[in-house]
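> with the sequence up front, the predicted model follows.
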Amino acid sequence: MVNYTERIEKLELPVLPLKTQVAFPSVPINFEIEGGPLAKELAKIEKKGEPILLLTQKEPAEQSPSKAEDFYKVGTVATVREYLKLPENGVSLLTENRCRASVLSMKMNGKILVAEVLCKTVAVEGNGGIKGELLRKEAMSVFERFRKFIPKLSKEILMAMKMMDSPGMLADFIACHMLADVKDKVKILEEFDPLARLELLSVLMEQEIKLLEAESEIHKRVVGAIEAHQREFYLKEQLKVIRDELGDPDGDSEIDEYYDKIEAANLPENVREKLHTELKRLSKMPFASAESGLQRNYIDFCLEYPWSAKTRDRLDVAKAKKILERDHNGLEKVKERIVEYLATRKLNPDLKNQILCLVGPPGTGKTSISRSIAEAMNRKMVRVSLGGVRDEADIRGHRKTYVGAMPGRIVAAIAQAKVSNPLILLDEIDKLSHDAHGDPASALLETLDSEQNHAFRDHYMELPVDLTDCVFLTTANSLDTIPRPLIDRMEIIEVKMYNRHEKLAIAKDHLIKKQMKRHGLNGTQLKITDAAVLELIDFYTAEAGVRNLEREIATLCRKTAVKIVSGEAKRCVIDAKDVSAYLGVRKILPEAIGESDEVGVVNGLAYTECGGDLLKVETAVMPGSGKIELTGSLGDVMKESASAAVSYIRAHADEYGIEESFYKTKDIHIHFPEGATPKDGPSAGVAIATSLLSELTGRAVRREVAMTGEITLRGRVLAIGGLREKTMAAYKAGVKKVLIPKENERDLEQIDALVKENVEIVLCSTLDEALSHSLTPKEERLDSVLKKLPVYEKTKGFEEEKTI
């Protein structure tokens, strides 16, 4: 049985951080520190002979560690034996190390880090007896095998080791001088039991021996390969001399040139072997043959491909945010996702790249923000346009045996970027098509799968290409045409339409400056006021993005340039009232609510690729035979919504005071104005039912109310999409109250703050709730309602918004 004695002492000591060293008791160490508050404090400590705590940092690069989590949990109590000042206020120290100490807590005392520690010394009686002697012999045996891999070991160290009887002291001494890995040293330091410490040392040295043996084996193979290359080089030099003697010095000059390029290039070994094989094949081909031309093109492309060239990622989150905010207004979700990626990549450099798909209407900045993302990440960007691509070979490449064979677009893009880790923008991924030549979308499945693209094989190169370092961004206007397996491999980020205030900010910060510079104008020659820009947004463009807005601004710049060049004006200031003189009459008349409450006319809301729209629903009921007519270029889903509304009203006719046989004695005509515009979707169900009930009961529909929601045969109101765009359209049209499904409560945060301030949002779970807010009281006649209502101008609500 082994007996132990312990000595424990609680102290509060100043901390001296060690970056790459580990201090062990009874093993003096020498190191230097830079000038600063700690260096001044050490001078006082050295004079007083007070102890300090030597504690190793977890991250050597950390310049100012300030909390316990920055250090390993066990350090060494030491005193300063020698103190030597260095130039630039630096200090060289030699410390005498006493005992191990566990850190209990840590705090800043002025500019000095102070730790409360528990000093603990564990001694074993009789050096551990038989067990201690066996462990010592085992450790020395492993050490003797370990010595073979150390070229020169000083005699003083060997002599000191042989004189040590204490198992704990021997373990500390060997660990300090022999172990290379800081983490292994810390493991030894954190073990207080001397016998357990010596046993752990043997295990760690065994692991290091296996690693060194593997390295030695690899080194022998490398030396053998070098000797083989030298032999081949010697033979080639002999062959060159023989050719000179035969008077044919340029016979294989091209082959030699290619060989030199292959040897000089930094290529993976499998690529080098492949090119040597192809080069041998080329050497046997007639110079002028078509096949030799293909072979040369292949070797040239493989040599130009950036197998190992990379750019270093910029992981500065603050700078990335600044770049993204500088170049783009809005697009908050995209910016947030990129910043999250950079932060995660900083914490885990081995993180696999995720594929982001930006989905949104045209002109919303999906392609342009990709350039800013590439700049923020310090990566080169290449754009691959997929619109109209219908051949799988465009993605995977053509077999090089064919005349005119080319690499695929992905590999060609990387070669164009000249680095192996570019940002690749796959633009218009929803515009892919397929025919008898294959499905390019299926070829993209491997490209965009992080589990497979580490060995992407291009048909032209016939070599595995690692795409895991590439960042893929894709753009699309709609997900409807993208195959589900391809969608599953991408993280979908929806790019919303811009509201008018975001468009105004984009125009002021980017578009006006860009177009003025393009047309040779400066700020003293042309000024476009905010009111003029809002006039363009409201009455000359109807879009989700800003492309048409930029075109209209360009038109203003061109007409201004004509005036300045012709001498008609030296400076032009364009306000809202001046826009029509440059661009003609207003092109767009915004939809507005009616001037009075009407029976059978409801304000519905629609979502289009240009944003939201006010969609009127009109119903007329007349004597007839029960026919139902739907007009307005409606799709199947919208027709089904109308049928569901009619069926619900039939089932509850008595509750609403409607003649139960109305569906037999009356014809119903439901119409959606703007018949040339196709309309579809389930979200007009509530509006259709309200319009029909209004017409059948004679109750007018409140003109300042708009609604959206799908209806069921039980009268439930179901969730819809495009809530942000629909509520913005309602606000522009002058609507004061919008009825939306209760299930869309989770989407309220998407609604613009401007809309929330000016429009009341009402959540409805049933049709009856919607009717209570939209229909006038039953006892009121339409004429009396009209008299009570104030008269609004047609675009009152819209004009109010313009002044904000």
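Received it, and whenever you're ready, just let me know what you need.
> would you mark the buried spots in stretch 733-750?
Judged by neighbour count (16 or more other Cβ atoms under 10 Å), stretch 733-750 contains these buried residues: 733-744, 747. Bear in mind the C-beta positions are built from the backbone N, C-alpha and C, glycine included.
> which ones among those map onto strands?
737-741 (DSSP state E).
> still on that earlier bit, tell me the two of the buried residues of stretch 733-750 that are most distant?
Using Cβ to Cβ, these span at most 26.7 Å, a distance reached by 734 and 743.
> point to the helix or strand of the chain where mean pLDDT is at its lowest.
Across the helices and strands of the chain, mean pLDDT, DSSP states H and E gives its lowest value to helix 796-802, namely a mean of 36.
> I'd like to know how far residue 65 sits from residue 347.
18 Å (Cβ to Cβ, to the nearest Å).
> of those two, who's got more company?
residue 65 (18 against 8; other Cβ atoms under 10 Å).
> and the strands in the stretch 401-550 of the chain, which stretches?
423-427, 456-457, 464-465, 471-476, 491-494, 526-528 (DSSP state E, counting those that start in this stretch).
> pull the number of nearby residues for the residue lying closest to residue 443 once chain neighbours are set aside.
Spatial nearest neighbour of residue 443, excluding adjacent residues (Cβ to Cβ, 6 or more residues apart in numbering): residue 395 at 3.9 Å. Residue 395: 26 surrounding residues under other Cβ under 10 Å.
> quick one: residue 395 from residue 430, how far?
15 Å.
> likewise residue 517?
33 Å.
> which intervals of this protein have sub-threshold pLDDT?
Where the chain drops to pLDDT under 70, the residues are 1, 151, 236, 238-252, 287-288, 435-437, 676, 778-804.
> by residue count, tell me the biggest helix in it.
helix 194-245 (DSSP state H).
> distance from that one to the middle of the chain?
42 Å (Cα atoms, centre = their mean, to the nearest Å).
> which strands or helices does it pack on?
strand 112-124, helix 129-147, helix 167-178, helix 182-189, helix 253-264 (3 or more Cβ pairs under 8 Å, 6 or more residues apart in numbering; DSSP states H and E).
> quick one, it and helix 129-147 angle?
Orientation check (axes from the mean of the first three to the mean of the last three Cα atoms, to 10 degrees): helix 194-245 against helix 129-147 gives 10 degrees.
> helix 194-245 to strand 112-124, inter-axis angle?
Using the same axes, to 10 degrees, helix 194-245 lies at 110 degrees relative to strand 112-124.
> my guess is residue 666 contacts residue 621, does it?
Yes: the pair residue 666 / residue 621 is scored as a contact, 5.2 Å apart, by Cβ atoms under 8 Å.
> and residue 30, what element?
Assigning secondary structure by DSSP states H and E places residue 30 in strand 29-33.
> what of residue 555?
Residue 555 belongs to helix 547-565, assigned by DSSP H and E.
> send the alpha carbons of stretch 445-464 over as CSV?
Taking C-alpha atoms only, stretch 445-464 is exported to CSV below (Å, rounded to 0.1, in the frame of the first residue of the first chain):
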residue,chain,number,x,y,z
LEU,A,445,-27.3,18.1,-57.2
GLU,A,446,-23.7,16.9,-56.8
THR,A,447,-22.3,20.3,-57.1
LEU,A,448,-24.4,21.8,-54.4
ASP,A,449,-24.2,18.9,-51.9
SER,A,450,-21.5,19.6,-49.3
GLU,A,451,-21.4,15.8,-48.6
GLN,A,452,-20.5,15.0,-52.2
ASN,A,453,-18.7,17.9,-53.8
HIS,A,454,-15.4,17.2,-52.2
ALA,A,455,-14.7,14.9,-55.2
PHE,A,456,-16.7,16.6,-58.0
ARG,A,457,-15.7,14.9,-61.3
ASP,A,458,-15.8,17.0,-64.4
HIS,A,459,-16.2,15.0,-67.6
TYR,A,460,-13.5,17.0,-69.4
MET,A,461,-10.9,16.9,-66.7
GLU,A,462,-11.5,13.3,-65.5
LEU,A,463,-10.1,14.3,-62.2
PRO,A,464,-11.8,14.8,-58.8
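> list the buried ones in it?
Buried residues in stretch 445-464 (16+ other Cβ under 10 Å): 445-449, 453, 456, 458-461, 463.
> mind giving me the packing neighbours of the strand ranked longest in the chain?
Criterion DSSP E: the longest strand present in the chain is strand 91-109. Applying 3+ Cβ pairs under 8 Å, 6+ apart, one finds that strand 91-109 contacts strand 4-18, strand 29-33, helix 37-48, strand 52-56, strand 74-85, strand 112-124.
> switch the cut-off to 6 Å
strand 29-33, strand 74-85, strand 112-124 (3 or more Cβ pairs under 6 Å, 6 or more residues apart in numbering; DSSP states H and E).
> return the residues in contact with the spatially closest residue to residue 102 that is not a sequence neighbour.
Distance criterion Cβ to Cβ, 6+ apart; nearest residue to residue 102, sequence neighbours excluded, is residue 118 at 4.9 Å. For residue 118, the contact set (Cβ atoms under 6 Å, 6 or more residues apart in numbering) comprises 10, 102, 104.
> the first one: neighbour count?
By other Cβ under 10 Å, 10 other residues sit near residue 10.
> ditto for the second one
Other residues within reach of residue 102, judged by other Cβ under 10 Å, total 15.
> cool, the last one as well?
For residue 104, the number of neighbouring residues by other Cβ under 10 Å comes to 14.
> now the helices for the stretch 501-650 of the chain?
Using DSSP state H, counting those that start in this stretch, the helices of the stretch 501-650 of the chain run over residues 512-518, 530-539, 547-565, 579-583, 636-651.
> for residue 228, find the nearest of those.
Closest among the helices of the stretch 501-650 of the chain, using Cβ to Cβ: helix 512-518, at 60.1 Å.
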